[in-house]
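> Sharing a model that was predicted from the sequence below.
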Amino acid sequence: MENTASDFTQGHIASKLIRFMLPILGALVLQAAYGAVDVLMVGWFGTTEGLSGVSTGSSIINLVTFVLT
């Protein structure tokens, strides 16, 4: 018997593409949320210089993560 559940060459592509995309999309959302929480915490308890550094670093990490994903 063949397992066609993960076969992208047969059947409707939309449902298979969505099932493939959801974990990746979830990881990207969690990465962005992680950066937002970092900025929020440093904004509450840190200095403006720290906030600037965390914000810049978070943007760069998000860009690299999005491009690599």
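Nice, thanks for sending it over.
> Near residue 63, how many other residues are there?
Using other C-beta atoms under 10 Å, residue 63 has 10 neighbouring residues. C-beta: built from backbone N, CA, C; applies to glycine.
> hang on, I meant residue 11
Other residues lying near residue 11 total 11 when counted by other C-beta under 10 Å.
> Quick check: phi and psi on it?
Backbone torsions of residue 11, given as degrees, to the nearest 10, read phi 80, psi -160.
> Okay, and the most centrally placed residue in the chain sits in which element?
The centroid of the chain falls nearest to residue 28 when counting by C-alpha atoms, centre = their mean (0.9 Å). Here residue 28, judged by DSSP states H and E, is contained in helix 13-45.
> in that helix, what's buried?
For helix 13-45, a neighbour-count test (16 or more other C-beta atoms under 10 Å) marks 16, 31, 35, 38, 39, 42 as buried.
> Would you mind measuring from the third one to residue 60?
Residue 35 is 10 Å from residue 60, where distance means C-beta to C-beta, to the nearest Å.
> likewise the fifth one?
Per C-beta to C-beta, residue 39 is found 13 Å from residue 60.
> joint contacts of the two?
Overlap of the contact sets of residue 39 and residue 60 (by C-beta atoms under 8 Å, 6 or more residues apart in numbering) is empty.
> now what about stretch 27-42, what contacts it?
Contacts of stretch 27-42 (C-beta under 8 Å, 6+ apart): 50, 51, 54, 55, 58, 59, 61, 62, 65, 66, 69.
> mean confidence for stretch 9-29?
Per-residue pLDDT over stretch 9-29 has a mean of 87.
> Make 54 the first number, not 1, from now on.
Renumbered: residue one is now 54, and that last one reads stretch 62-82.
> Could you measure from residue 78 over to residue 60?
Using C-beta to C-beta, we find residue 78 at a distance of 22 Å from residue 60.
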